[in-house]
Each structure stands twice: as structure tokens, then as C-alpha cells.
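Q: With the input below, show me the fold.
(chains A, B and C)
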Amino acid sequence: MADTPYLLEARNLCQHFASGRGGKRLTVKAVDDVSFGVRPAEIFGLVGESGCGKTTTGRTIIRLYDPTSGTVTFDGREISGGMTRGLRRYLTDNIAMIFQDPIESLNPRMTVEEIVGEGLTIRGVKDKAEVRRRVVEMLGKVGLTNEHATRYPHEFSGGQRQRIGIARAIITHPKMIIADEPVSALDVSVQAQVINLLNDLKEEMGLTILFIAHNLSVVKYFSDRIGVMYYGHLVEIARGDDLYAKPLHPYTRALLSAIPEPNPLTEKTRRRIDYDPERDHKEDYFSGNPVMTEIEPEHFVYCTPSELELYRDQVRGKADA
Amino acid sequence: MLDPHNLPDEIRDLPDAGFELAQTGEIKDEVFHTKPIGFYRDALQRLRKSKASMVSFWIIVIIILLALIVPNITGYTYMEQDTSKKNLPPKIPGLESLGIADGSQILTNRRRDSLDNPDRFPEGSVIRIVREYELSGVPVVDVMVDYYTFVGVDDDVYHWMGTDYLGRDLCTRLFQGTRVSLLIAFFAVLIRIVIGVIYGAIAGYYGGKVDFAMIHFAEVMDGLPYVVVTILFMILLGAGMFSIILAMTVTGWIGTSRLIRAQFYRFKGREYVLAARTLGVTDRKLIFRHILPNTIGPLITKAMIEIPGAIFSEAFLAYIGLGIKPPNPSIGILLSNGQSVLLQYPYQTLFPAVLISVLMVAFNLFANGLRDALDPTRRGED
Amino acid sequence: MPKQQNDTTGNSAIANDIILKVADLRVSFRAYGGRVQAVRGISFDLKRGETVAIVGESGSGKSVSVKTVMGILPGNAIIESGEVRYGGMDLTKVSEEKFHEIRGNRIGLIFQDPLSALNPIMKIGKQITETLRLAKKMSGEEARAKAIELMAAVHIPDPQRRFNQYPFQFSGGMRQRIVIAIALAGDPEILICDEPTTALDVTVQSKILELINEIKRERHLSVIFITHDLGVVANMADRVNVMYAGKIVEAGTTEEIFFSPAHPYTWALLSSMPDLQTKERLQAIPGAPPNMIYPPAGDAFARRNPYALKIDMEKEPPYFRLSDTHYAATWLAHPKAPKVEMPAVLRARIDRMKRSGMLNG
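A: Numbering: from 1, shown residues only, chains lettered A, B, ... in the order given. Presented below is the predicted three-dimensional model:
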């Protein structure tokens, strides 16, 4: 697994947004020097708090935004360069996206059939009966029936709408799906429906998924590997269990320590760890250039050379113990 | 609170049959029991429930029908002059016996003895004497006459709303004028909307530098004084319907373009628009299929509010002498003409004034109803 | 219905001192299309010094029930029946003027969205002192000193300087601290928290929860805590009421709810979300919450419940007592019901939780 080449790979991806003009010009580094790769049929979780740049990363990869710098390759082909008709086609054929808000992400004036079928019609499937047949097939996959096809989005519950959004994403059989917080706007009782559905579809269609979320429990459950983002930087990448067992970057530790677990025995005595970049890093973290470094197989940390030694020791210490 | 080990009889002795698992198979999503309702059907249903807008709607329809039909059935044309019957009061068959709209008019300050002169007061023209008094020793009267007989028009001649100073039938002219005013308003608003939508959509969708340049151009245009622009057009193109419509659209589209631009800014970042982009939907389709339909509600509402505004501007232009070419009537021309004889012949102002007021109120109320009905946040409400 | 909690008092008089009592409360809303029956007969009580959590998903009526307690229901709400006993009054019948006094001085409220709870164009300090001057009739200087003290109490660094700043200069977590400071200004004895951390990030959330726990201890507050997050419940609550479709379906101490849940909805809630150890397939709850204009007959959860009995579909289950503090509204507790065990996944998870609790404890 570890030596399988990446299907999607981002290298030093930056997305800076500028606002204001002249002297008041402000640049927000929403995504700054982010590098990671996703292997075929793998679920890669991108986790972080609001404003950390995880959503922007996903949107930049699928080219809702044009990257400021850095490259993204998919299946060996660069998809971050100048936008051409051919590249647009390649992108939309291979990568689809699932959005967060089940109300906002469906056009209120289109029927479910039109919404789900749009991917087909814009690819030139003219035959109405054929579109209909494939829409119904997709609806069946997400647990809806053909009688739902003529309905408008507002008639559905949140979980059902999210499943419609999933049907829309998979109808063109993309290789990869970027799922941007697909469950966080849903009620607790229906989140599991959507997670199970994504899991089933992944198995059935061999999907590769970039799963973006802020809920670390969900990300850990759903993902093979996890990347942790903080203020535009990807600070740590590891397999879920490794990340949980031996978090290295101080932010990852803080994040893990903050997750409330539904267990009153442990929860009432849980010790929270704070993250204070000034205190938790040495001077050179800010002045020097920290880079993404592989500490142990499949475990990367964003660190400076001096921190690298420290982390190596920690990993060795854990292994000994 | 019941103790499971010490239950009251009626609970303890519930039939056993109830205590079996009810659902053994897979639990599916519930099916819908209602019919699917499209957005516009839903809006229409809500519009129908608003009494004020339905009444307004029918008033508008009736006025449009009248404008289409009346000029063809009065038996007169809007430009037919007959100076022998100028300024006739209204006379409507059927109502005349009731004493209203019977073609009567009160003439004041007439010499008492002239009443007997058949050249001055033809046979049967005097209905009754309203007041008798003396002026400088001469007996004078105010007398109500059948004005039609008085000026020597045949008995079977009827002018429902009277005639103007050139003897033209005012009823024909009013509805012909309504036709013209509505046409001007409709086309002016239509052109404004077409230009405004295209301009606003491009500025809003592409944003950035394009938007910056376009919005500043619009600002400059908006600064041009309306009356000056209109006069320039009149000079360039001559008075007429076409130049009025053009004059009204020169800066009129800016409001619409602002509305559309704002709507585009609002909707282009919506997740469903992003979702369509990730599917590979083209810009053109995004604009027309995904974003523009959401602006239709505010757009129709704006158009409906602008129509009475346009009717009123036309009237205003006519009033200050920049109206369409005579003998063509418009509501504004009629008001302007009527105003000069307001005290002698108030009915010449009354009818167009009532019509333009009713029209404006009806359009405004209908626009309000439409705005509520097309508001997507109220979807699905009864 | 939770009368027995009165009856079984006696061992510890202070611990069982009931400060607020909600009895058979029913609230509905006039809406297009009918009457939304948001709360359908709930009863619970709050004892001095304890934290009671109300857990449920959106539309379960948890927020509406505390809004009733606070007298801040929107205009289209109707209190159909029931009462809220507090300090010898029935809060459902108290006048608006009286309520102003109660809200300022005796019951504090923390909302979900700190930004909308603060006035964006008023300085932070002024927003706190205003409450102090209204509720405590303090003079300007006194109020200022007290406000700075409160800001320090909710751990706002450099309160002297922050006093003169505006809400937009504060981060989400800091804003929520200000909201807490305002809630504390009147020196209340009850604090109602309506999803106070839902809009916040996890790391900020855990700090705010810590803060609420800390001020609760220091000021001997009684807390009603509304949330949909079971992790937060486990952290905060002494007792838990689980709400579904406008009713409390199960109530008990936090340990009882987490370790011996009895209602299938509680089972579903506990097993549907993964924790950090979960590997097995999630137990998804099928379907969607019911439309509360037409609440289903019988047990509202029955149609989504694989353990539903036939009687659940027709007859509303009464509350069955499972222990002195634990009761559930499910026919499964009836002696005639088939012996249905909780899902194996949940059983495994509870065992794991207990084990990790032993390790830590």
C-alpha cells in the first residue's frame, strides 16, 4: 500500500486571497505550502478548525479557485495549470465534489431528476429515457426511489438531500470524490446514514475520497490517512491510528485532547492541552523554513530540522515503551 | 411513572398481540403522499390567495381589454375632428334618464330674454333654470341645457366621456391613449430589463476588473440628467413613441442592472452553483440556468413596479410638452390638454386622471403580491 | 412525572433541593400549514448545584422548552398547558416586567451564536455594565470595576484594555466568554446554556466547557445544558433528559444513560456516531425525524425503530421506572415485551468505555 503511487498529489500548493487595494491591501494565505498525496481507493481525511484552509484546499484542487502557486497532479497529469477546455473536461470527468449544506447545495428550481441528471446532459446524453434510467439507478444506490425523481429539493429532509447530492456526484462515475464536510450540517441521527452510504459506494465503485471535516472522530473512523491543517498549513499527516496514538505536532496534540468523547467516566477527568505556537515551537519554526518531513513510514510532520530530532526521539520512545 | 413490577391493571393486561416486533424488514424512507409542485405553480397558488393582488390583476386585465376594444366600437376615431361639437359633456345611453351623463351642462350668466331666441337656444335645449337674478338691472339666469341640442347635434349622438376642444371623442382618445401609454411603458421596461439583465449579469458573474469598469460606466450614465437626455433625443429623433421609449431606457436600465448584479453576487458563490461548476457546466448555462432563474422573482416585481412609473414619466413628459406627436393621444397628453380647461370642463381631466391612478395603484398592488409569491424563502407555505 | 425524585429525597437535603420544576409543558407554534407541536408534555426538574442536560436533534423541542423557561418564546408560540415552577412562581404566567427582573438577576442565558447575542456597535464593557446597572442598580464606577472583574473571571486577558473594544475585535471563543460574563453579571442562580459551543471549534469548545464548569463550581450555579453532542453531555451533565419529537423519551443520571440506556432512540443516538475507537459499521438510524405538524401516533420514534413493537405504532408508551432516577418511555420495558437486547455494537462500546474508565480512574 505504502508504495502505491499517488492518484492525486498536491505539491507546495498555495492559495492566497487578496482584498483591498493599495496601502490597505491584505493577503490572506488561506492555503500555504500544502503537500500531500492520496492513493487510489484510499480515503484521505483533511481535518482542522474553521478557517484553517481545508475547504479552500478542496476547492482549489477541483479548480473552483485558481491556485496561487504549487502543482496538483491527478493520475500523473497536472491539473493546476492554465485552464483549457480539455483540462476542464478531464477534471470534471475524474473528480466530483460533495458539499456541506444540504439545502444550499441543490438548486431549488430544479427537480431531483434534473439535478442528478445534469452531469449526464452536459456530457451530451440527449436521450431523455436514458438520463431517466441512469438517474433512477443512482437514486436507488443512495436509497431513494424513482418516485422521488420528479420532486423538488425542499420536499426532502436534510439526510435525503445530502444523498441526492451524492447521487449527483457519482452519476458520471468519477474516480475521485472530494467530500467537503458532508455530514456536519446533518442531524446526529442521519449522519451515520450518509457515512455508511459513502463507505458502501467507495467499496462498490472503488472511489478515492478526499474527506474534509472538522469532526476528528468522524474523520478518524472514515479515513485511512489523516492530514491535520492549522492556519493554512498542513502540519501532520499519518495513518489514523498512528495519529491518535502518537501525535507529534503540538497542534495535533491539542486538537486530540479537545475532542469530547461520549464517555462520562473519562470525559470528566480529561486533560486538555493548549496549543500556543509561540510557546510550543522554537524560534526557528517562524524564522526558518519548516518543511513536511517523514518521521517514520507514512507519518509526516511539518517541522524544522531541530524539531525533527525531537520528534524522532519521541517516536522511538513510544516504540520502546 | 410506572413501576414495571407493579403495573396498574389496564397497563399490565394489555393484549399480548401488541408486544411483537412490528418491523422486521429494512426500514425505508417514507414515500411522499402529495403531488410534486413546481416553483411557479407554488408561486401562482400563493398569488391566488392574495385578494388585493388578484383584484389588481383583474383590474389591469380589464383596462387592457378596454384599451384594445373601446377605440374600435365607439364609432369615432381618435383623430376625427368636428369643431361643431367641441367640448361636449359626457352623454351615455341608458344613464341619461337617471340624470347623470345626460349631456347636460349649466350655462351661467345668460340674458333671461335670450332663452326665447331659437337661434341662441334651439327648441328643447333648455332643461331648467337653476338660478334667476339681476345683473346691472338686466335679468339674467344660470340655465341647465341639453348641450348636445344646444350646439345643434343630432339627438342620437353620444360621447360617453364628451369631446375635447377639437370635437374629438374623448372616450376613444382615452383608451387609444391608454393603449399608447401602456405600449410605451411596456416596451420601455422591457428594453430596460433586457439591457439591465445582460449588463448586470456580466458584471456580477465575472466580477473583478470587468465589474469595476462596468459599474463605474453605469455610475457615469446615471449621473446624466433625465430631462436633458430626453430633450436631446426629441431633437435628434423628433417627437414620437420611439424616441420617448429610447429616452426612457437610456438611463433606465441602470436600476435593473444593479439589482441583477447584486443577485449574481449573492448566488454565484452558492454551493449549488459551485456544484454545477464542478460538474463542468458552462458559464452560459450557469448564468441562464442556475443563477438567472433565482433573479426572476425580484425582476418581475421590479418590472411591475416600473410599469406604472414609466406610464407616469410618459405623462410627465407629455405634460411639459415633450409628449408624442399629435394627433396621437396618450394619457399624459389628455391630462395636459384637460388641465388647460380644468375649471370649465373638469370631466376632460377627471377620466384620464382616474384611469392613471387606478392603473398605478393596481400595478403596485399586483407587484407587491408577486414579490411575496415569488419569494423563495416562503416556498411551500400556504 | 418525575415525582419520585421528590419522594426519594432525604439522604442529602441540599443535593435534592429542587430549584426549578417543569411539569407537563406543551408548547406549539402557529405556522403556515398548521400547528407545529414543538413540545408535547415534558416534565423535568433542576436541583441546586447540578447540571441537567437536554439532548436531542434539531426539531426535538429542546430549545423551545428552555425558551419557555426564559419567557423568550417568539410571538407565534402558544403555551398549551403545563407550568414552570420557580421561586414560588409559575413562569408561564409571569408578566413581562417581572420576567425582566428574573432574567437579569436570577436566570442567566447563554446562546449558541455569540455574535448575534452581542450588539455589534456597542463597546464590550458597556454591554456588561449596562446589565449591571439595570439588574444591580450599580453606579458607573462600581459597574466598571465589577465588569472588569467579570471579564477576568471568564479569563479574558487584559480586561482593562479589552473593556473598550467592540465585538468584532474578539474571536468566537472570546465573544462567547463575554456572553457568559454578561449572563453572570446579574449574579444568577440558574444558568441556561443553549448549545453554547455548537458554533465553536473543538479546541475553543473545550475551553468554554471548562469555563462553564469552573464558574458553576465557584458560584454554585444550577445549569440546564442544551446540546446535541453526547461528548459534551458526558463532560458536563449530572443528569440527562433525552428528547425526541417534543417528548422526553428517557431520563436518568449520566452514567445510567450512557451505560444502561433503555430507549431504542437512546441506543441509536449512542451507537450512530463513531468515537475515536470505532472500527465497525455504524448503526445508522433510518428515515428522517417526523413532521411535528402531524406527530405520528404512538411512539414518535417507532417508524424509524427496528425494535418497535406493534403497540408502539398505536399507543403512546407511558414512563416506566427503571431505577429511582432512571425512566424511559418505551413499551420494551413492559413485562410482556419480548426481551430485546441493545445492539451488540453498542454493548461492545459500553464495555470498552467502562474499561477505559477503569484504566483512567
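Q: Check whether residue B:257 really touches residue B:196, as I assumed.
A: Yes: here residue B:257 reaches residue B:196: they are 4.1 Å apart, a contact under Cβ atoms under 8 Å. Where C-beta positions appear, they are placed from N, C-alpha and C, glycine not excepted.
Q: show me what contacts residue C:179?
A: By Cβ atoms under 8 Å, 6 or more residues apart in numbering or on different chains, the contact set of residue C:179 is C:110, C:111, C:114, C:117, C:118, C:196.
Q: at 6 Å instead, please
A: By Cβ atoms under 6 Å, 6 or more residues apart in numbering or on different chains, residue C:179 lies in contact with C:110, C:114, C:117.
Q: I'd assumed residue C:198 was in contact with the first one.
A: So the one you mean is residue C:110. No: using Cβ atoms under 6 Å, residue C:110 is not in contact with residue C:198; the gap is 11.4 Å.
Q: List the ones among the contacts of residue C:179 that fall in helices.
A: Mapping those onto helices (DSSP state H) picks out C:114, C:117.
Q: So which of residue C:110 and residue C:198 has more stuff around it?
A: Legend: neighbour count by other Cβ atoms under 10 Å in any protein chain shown for residue C:110 and residue C:198, higher for residue C:110 (24 against 14).
Q: State the pLDDT value of that one.
A: For residue C:110, the pLDDT comes out at 89.
Q: so where do the strands sit in the stretch 1-150 of chain A?
A: A:8-19, A:26-38, A:43-47, A:69-74, A:77-78, A:95-98 (DSSP state E, counting those that start in this stretch).
Q: swap that for the stretch 1-150 of chain C, please
A: Remark: strands assigned in the stretch 1-150 of chain C by DSSP E, counting those that start in this stretch are C:18-31, C:34-47, C:51-55, C:77-86, C:89-90, C:107-110.
Q: Can I get the strands of the stretch 1-150 of chain A in TSV including mean neighbour count?
A: Below are the strands of the stretch 1-150 of chain A laid out as TSV (neighbours: other Cβ atoms under 10 Å in any protein chain shown):
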stretch	mean neighbour count
strand A:8-19	17
strand A:26-38	19
strand A:43-47	26
strand A:69-74	17
strand A:77-78	12
strand A:95-98	26
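Q: Residue 266: helix or strand, and which one exactly?
A: No chain was given, so I picked chain A. helix A:264-267 (DSSP states H and E).
Q: not what I meant, chain B
A: helix B:253-268.
Q: now for that helix, which elements pack on it?
A: With contacts defined as 3 or more Cβ pairs under 6 Å, 6 or more residues apart in numbering or on different chains; DSSP states H and E, helix B:253-268 has these neighbours: helix B:170-206, helix B:292-319.
Q: and among those, the most buried is which?
A: Of all the helices and strands packed on helix B:253-268, helix B:170-206 carries the top mean neighbour count, a mean of 23, counting by mean count of other Cβ atoms under 10 Å in any protein chain shown.
Q: ok, so of the contacts of residue C:179, who is nearest chain A?
A: Nearest to chain A among the contacts of residue C:179 is residue C:114, at 13.8 Å by Cβ to the nearest Cβ.
Q: Check the gap between the nearest residue to residue A:277 once chain neighbours are set aside and chain C for me.
A: Closest residue to residue A:277 apart from its sequence neighbours, by Cβ to Cβ, 6 or more residues apart in numbering or on different chains: residue A:285 at 7.4 Å. Here residue A:285 is placed at a distance of 19 Å from chain C (Cβ to the nearest Cβ, to the nearest Å).
Q: Validate this expectation: residue A:285 resides in a helix.
A: Yes: assessed with DSSP: H, G, I helix; E, B strand; the rest coil, residue A:285 lies in a helix.
Q: Name the residue closest to the centre of chain C, please.
A: residue C:226 (2.4 Å; Cα atoms, centre = their mean).
Q: so who does it touch?
A: C:54, C:62, C:66, C:194, C:195.
Q: residue contacts, the fourth one?
A: Applying Cβ under 6 Å, 6+ apart to residue C:194 gives the contacts C:63, C:66, C:111, C:112, C:226.
Q: let's see it at 7 Å
A: Counting by Cβ atoms under 7 Å, 6 or more residues apart in numbering or on different chains, residue C:194 touches C:63, C:66, C:110, C:111, C:112, C:226.
Q: ok, of those, which one's closest to residue A:292?
A: Residue A:292 has its nearest neighbour among the contacts of residue C:194 in residue C:112, at 36.8 Å by Cβ to Cβ.
Q: do you know how far the closest one is from residue C:198?
A: 5 Å (Cβ to Cβ, to the nearest Å).
Q: immediately after the helix holding residue B:266, which helix or strand?
A: helix B:271-279.
Q: what mean pLDDT does that next one have?
A: Across helix B:271-279, pLDDT averages out at 91.
Q: likewise stretch C:272-290?
A: Averaged over stretch C:272-290, pLDDT sits at 83.
Q: Great, nothing more from me.
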